[in-house]
Each structure stands twice: as C-alpha cells, then as structure tokens.
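Participant: dropping the sequence and predicted coords here.
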Amino acid sequence: MSRKYIDCRAIPSEMNCTIAIAADTEQELLEAAVQHAVAVHGHQDSPELRDMIRSAIQDGTPPSVASGAA
C-alpha cells in the first residue's frame, strides 16, 4: 500500500500555505485535508471542496524542500 499526500504548496492561496498532509488511505487523507481547509483556509465543507481536494491527492510522500526554498 502506497501512502497518499496533498501539498498546499501546489494549490495557490493568499496565505502561501506550506502544509503537506500524508496518510495511508485516501479517505483518511481527505478528512484531514477537509479539516485543514475549513479551519485554516476558511472554506466551507462542501461536495465541491471535497472534489477539489480529492483531485489534488497524489501517491507517495510530499517532496522535501531545501531550507529556505519554497
């Protein structure tokens, strides 16, 4: 089973969020990413938000960023 991740750096935002979230299952990752989107970014939980997040999920682990580079 490969890990799944979503990386806020790949999604343009006003706050330039650098959070990356990883989980073993897409469902676990989706729930954590929705909570992050609602609590941090002020989105409303909706089917559209979940579809957007689901489409941004990648297989593997988030790439590392060298210190100072984002």
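Facilitator: Received the coordinates, thanks.
Participant: all helices for the chain, in order.
Facilitator: All helices of the chain, identified by DSSP state H, fall at 26-39, 47-56.
Participant: pipe the ones you listed into CSV and attach mean pLDDT per row.
Facilitator: Output for these, formatted as CSV (pLDDT from 0 to 100):
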stretch, mean pLDDT
helix 26-39, 96
helix 47-56, 95
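Participant: would you mind finding the most buried of the ones you listed?
Facilitator: helix 26-39 (a mean of 16; mean count of other C-beta atoms under 10 Å). C-beta: built from backbone N, CA, C; applies to glycine.
Participant: give me the contact list for that helix.
Facilitator: Taking contacts as C-beta atoms under 8 Å, 6 or more residues apart in numbering, the residues outside helix 26-39 that touch it are 4-6, 8, 19, 21-23, 43-45, 49-50, 53-54, 57.
Participant: so that helix versus helix 47-56, what angle?
Facilitator: Per axes from the mean of the first three to the mean of the last three C-alpha atoms, to 10 degrees, the angle that helix 26-39 makes with helix 47-56 is 120 degrees.
Participant: about what we covered before: can you redo the helices of the chain as TSV with distance to residue 62?
Facilitator: Shown next, in TSV, are these (distance: least, C-beta to C-beta, whole Å):
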stretch	distance to residue 62
helix 26-39	11
helix 47-56	12
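Participant: rewinding a little: now the contacts of helix 26-39: which count as buried?
Facilitator: Neighbour counting with 16 or more other C-beta atoms under 10 Å marks 4, 5, 6, 8, 21, 22, 23, 49, 53, 57 as buried within the contacts of helix 26-39.
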